[in-house]
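Enquirer: with the input below, show me the fold.
(2 chains, ligands or ions: 2)
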Amino acid sequence: MNHKHHNGIWIFAEQRNGDLHEVTLELLGKAKELAGRTGGKVTAIILGHGIKPLAQTLFNYGADSVLVADDAMLDPYRPIPYSIVIEKSVRKYQPEILLMGATFMGVELAPRVAAKLRTGLSAHCIDLKLDQNGKLLQVVPGWGGGVIATIACPDHRPQMATVMPGTMKPLKPEEKEGKIQEIEIDLPATDLGPKVLEVKREKPEELPLEKAEVVVAGGWGIGSPEDWEMIQELAEVLGGAVGATRPPVDEGWAEERQMIGQSGKTVRPKLYIGIAISGVMHHVVGMDQSEHIVTINTDSNAEIFETSDVIVVEDFRKIIPKLIQGIRDRVKR
Amino acid sequence: MADKEMNRTIVCIKPVPDPKHWNKVSMDPDTQTLRREGIPGIINPLDKHALEAALSIRDAHGGEVVLLSMAPPFAAPILREGLAMGADRAILLSDPVFAGSDTLATAHILAAGCRWIGEFDLVLCGNMTIDGSTAQVCSQLAELLDLPNVMHVTGLDRQAGDKMTITQKIEHGHVRLEAKPPIVISVRKELNKPRYTSFTGILAAESKTIDVLSNKELGVDPNHVGLNGSPTKMAGLELREFKRARERVGGSPEEIVQALLEKIHRYGII
Ligand SMILES: Cc1cc2nc3c(=O)[nH]c(=O)nc-3n(C[C@H](O)[C@H](O)[C@H](O)COP(=O)(O)OP(=O)(O)OC[C@H]3O[C@@H](n4cnc5c(N)ncnc54)[C@H](O)[C@@H]3O)c2cc1C
Ligand SMILES: Nc1ncnc2c1ncn2[C@@H]1O[C@H](COP(=O)(O)O)[C@@H](O)[C@H]1O
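Expert: Ligands and ions are numbered 1, 2, ... in the order given. The predicted structure follows:
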């Protein structure tokens, strides 16, 4: 197949209720880096109603141009009208690459778009590269993250991927100008799917886990909600956030949003301290990009030690209270 | 569209390698493929939640629950497990030409399976498999069937008549939707607790049918299935390495704490 007429990198700019999802900026950062090598342009496509002002943010973070689909039918998000609008725009402008976030919305929407276009889509990418011919290589974890596969889409366009939030870095924003182009909306009169009755959002936590400089994570070995407080206290004195493996979440000591790993969040803090965690791959894939990794476990053969810079073989109860005290003393000085 | 008296639910079930045995996975250096011999298969855990939802709708409203799976013939015993849980019958889509299908090709095959079954109200899927973890098949299936779909479902209430309310999880919250059949729905584990298989269930399953269909019966365009029909191609595969320095700090608790404080200071945190 000849793909010469396909050109440029698109990212789907995800918004709900006028709030851009963080991953949008991460996608722009990566798209800009890839475009630097292909010489193509970066376009953000955004759908919704009354969302044109968001274009400026997209320019500032790296978009050369922004395609805006603004219509009351596009608010709130629903997969059928969104996939129709994106499909039509892609057919018209023929981008080489289309990236979306592996968010709740992206995971539902991207496969519909890919199926409409009969093109390939890879899921939850943790890295994107170009081969020597400028083709997109999509790096995806499989089997709980223990296996890394590289996927290509040689014969179909656009090459599509959803990208794991938190794995790519946004550019430093600069005041910039760009071209806004409006997309004509021409939705069919047919049924556009389920009706949204209500969108309910709680206030997000103050310091999201993904942004914390220090993450103190606890595992099943903490053993009780009382001892879990030690984890919270250590995080607090270090000005960090609390993370968890799955068992503490199942037990209710920690909340789901604190879970790190394959089915939770990916973190890459300056310092990760892992306490009473065995280090199963499901968890490790969410923390192994941390700058410094310190772990405490009573079992000298714990798997987590493989992925650690500093290891302590000891009962955490003998260490953490003293460590908290030590940090308090230092900070006072 | 669907006959309201019928109330048929199709549950898409994928057999996956039991994660308890994943440490046995190794790489064949010659073929660059995964060796998974000796790893037993199970029903993808989330698909059991989809099946539970289907069974409880049937318990309340009557109708039929049909299992649908694309897998090699050796998957039949795994489908039998779903029948023992309470499904009425099963369809296994199995053909050598399906081997190597990516998510789009899989969706083409499952869509043909759904059409072969005939009319239905609901297609229920797991939100994600534990081996491939793409979470792509259901939306693609819905698109190819030209039906709406909802993912990340944590609440599903089928009222009398043609109405359903659905709760969908999103970042920091949820969406409530009103839907009507036919529709494709993918579920999260918060939705329900799958029932245990009873002894009578296991006995009853022995006499239920599993139809095994090849592409002769299904008739999917050969250009849409298998390795050749898959737009995505594997370009490389490696086992991930996680090794780091693993410097051990030992001594008394006081000495360990002192050493840790030094490190944390050196990292520029305190
Ligand atoms: C499909 C799938 C997805 C999953 N996704 C995730 C995910 O995203 N994130 C995740 O975390 N898990 C996930 N899991 C679960 C994962 O497989 C493990 O079960 C989990 O990570 C184990 O948590 P743990 O290390 O806290 O517990 P355990 O494995 O039970 O380890 C506890 C550790 O504590 C140590 N210990 C006990 N007492 C002490 C003490 N007093 N002092 C110091 N150390 C002590 C023990 O030596 C042991 O190493 C997933 C599982 C599946 C099947
Ligand atoms: N081969 C298959 N046979 C039947 N159902 C499947 C198959 N592959 C995926 N599914 C369904 O699609 C869901 C999501 O799968 P995946 O996109 O592979 O993560 C699964 O939980 C199943 O319900």
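Enquirer: so where's the chain shaky on pLDDT?
Expert: Unless you meant another one, I'm taking chain A. Low-confidence segments of chain A (pLDDT under 70): A:1-4, A:144, A:204-206, A:333.
Enquirer: looking at chain B here, not the other one
Expert: In chain B (pLDDT under 70), the answer is B:1-5, B:23-24, B:29, B:31-33.
Enquirer: which strands or helices does the top strand by length along it pack on?
Expert: Looking across chain B with DSSP state E, the single longest strand is strand B:149-158. Packing contacts for strand B:149-158, counted by 3 or more C-beta pairs under 8 Å, 6 or more residues apart in numbering or on different chains; DSSP states H and E, involve helix A:104-117, helix B:45-61, helix B:137-145, strand B:164-170, strand B:173-179, strand B:183-187. Using the backbone N, CA and C atoms, a C-beta is placed for each residue, glycine as well.
Enquirer: off-centre distance for stretch A:276-284?
Expert: Its chain's average C-alpha position is 20 Å from that of stretch A:276-284, according to C-alpha atoms, centre = their mean, to the nearest Å.
Enquirer: ditto for stretch A:221-237
Expert: 27 Å.
Enquirer: repeat for stretch B:40-57
Expert: Relative to the chain's own centre, stretch B:40-57 is displaced by 8 Å; criterion: C-alpha atoms, centre = their mean.
Enquirer: CA atoms of it as PDB?
Expert: Only the C-alpha atoms of stretch B:40-57 are listed here, as PDB (Å, rounded to 0.1, in the frame of the first residue of the first chain):
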ATOM      1  CA  PRO B  40      -3.400 -24.600  32.600                       C
ATOM      2  CA  GLY B  41      -6.300 -22.500  31.100                       C
ATOM      3  CA  ILE B  42      -9.000 -20.700  33.100                       C
ATOM      4  CA  ILE B  43     -11.900 -18.500  32.100                       C
ATOM      5  CA  ASN B  44     -10.700 -14.900  32.000                       C
ATOM      6  CA  PRO B  45     -11.700 -13.700  35.500                       C
ATOM      7  CA  LEU B  46     -13.700 -10.700  34.400                       C
ATOM      8  CA  ASP B  47     -15.700 -12.800  32.000                       C
ATOM      9  CA  LYS B  48     -17.100 -14.700  35.000                       C
ATOM     10  CA  HIS B  49     -18.500 -11.400  36.200                       C
ATOM     11  CA  ALA B  50     -20.100 -10.900  32.800                       C
ATOM     12  CA  LEU B  51     -21.500 -14.400  33.000                       C
ATOM     13  CA  GLU B  52     -22.900 -13.700  36.500                       C
ATOM     14  CA  ALA B  53     -24.600 -10.600  35.200                       C
ATOM     15  CA  ALA B  54     -26.200 -12.600  32.400                       C
ATOM     16  CA  LEU B  55     -27.300 -15.300  34.700                       C
ATOM     17  CA  SER B  56     -28.900 -12.900  37.200                       C
ATOM     18  CA  ILE B  57     -30.800 -11.200  34.300                       C
END
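Enquirer: against residue B:151, how distant is residue B:175?
Expert: According to C-beta to C-beta, to the nearest Å, residue B:175 and residue B:151 sit 11 Å apart.
Enquirer: oh, I was asking about residue B:218
Expert: To residue B:151, residue B:218 is 26 Å away according to C-beta to C-beta.
Enquirer: give me the more crowded residue out of the two.
Expert: residue B:151 (25 against 20; other C-beta atoms under 10 Å in any protein chain shown).
Enquirer: just checking, that one touches residue A:107?
Expert: Yes - counting by C-beta atoms under 8 Å, residue B:151 sits close enough to residue A:107 to count as a contact (6.5 Å).
Enquirer: list residues touching both of those two?
Expert: Here residue B:151 and residue A:107 share the contacting residues B:135, B:139, scored by C-beta atoms under 8 Å, 6 or more residues apart in numbering or on different chains.
Enquirer: could I get the full set of strands for the stretch 151-270 of chain B?
Expert: Taking DSSP state E, counting those that start in this stretch as the criterion, the stretch 151-270 of chain B carries its strands at B:164-170, B:173-179, B:183-187, B:210-213, B:233-239, B:247-248.
Enquirer: same deal with the stretch 201-333 of chain A?
Expert: A:214-218, A:241-244, A:271-275, A:292-297, A:310-313.
Enquirer: make JSON lines out of those and add mean neighbour count and distance to residue A:52.
Expert: Converted to JSON lines, the strands of the stretch 201-333 of chain A look like this (neighbours: other C-beta atoms under 10 Å in any protein chain shown; distance: least, C-beta to C-beta, whole Å):
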{"stretch": "strand A:214-218", "mean neighbour count": "28", "distance to residue A:52": "37"}
{"stretch": "strand A:241-244", "mean neighbour count": "27", "distance to residue A:52": "35"}
{"stretch": "strand A:271-275", "mean neighbour count": "26", "distance to residue A:52": "40"}
{"stretch": "strand A:292-297", "mean neighbour count": "25", "distance to residue A:52": "43"}
{"stretch": "strand A:310-313", "mean neighbour count": "23", "distance to residue A:52": "50"}
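Enquirer: contact residues of the stretch 51-200 of chain B facing ligand 1?
Expert: residue B:130 (C-beta under 6 Å from any ligand atom).
Enquirer: residues contacting the closest residue to ligand 1 within chain B?
Expert: As assessed by C-beta to the nearest ligand atom, ligand 1 sits closest to residue B:130 within chain B, at 4.1 Å. Residues near residue B:130 by C-beta under 8 Å, 6+ apart: A:144, B:16, B:19, B:44, B:45, B:46.
Enquirer: before we move on, what about residue A:259?
Expert: For residue A:259, counting by C-beta under 8 Å, 6+ apart, the contacting residues are A:243, A:244, A:245, A:246, A:249, A:265.
Enquirer: try it again at 6 Å.
Expert: Counting by C-beta atoms under 6 Å, 6 or more residues apart in numbering or on different chains, residue A:259 touches A:244, A:249.
Enquirer: residue B:11 now?
Expert: By C-beta under 6 Å, 6+ apart, the contact set of residue B:11 is B:50, B:51, B:54, B:67, B:124.
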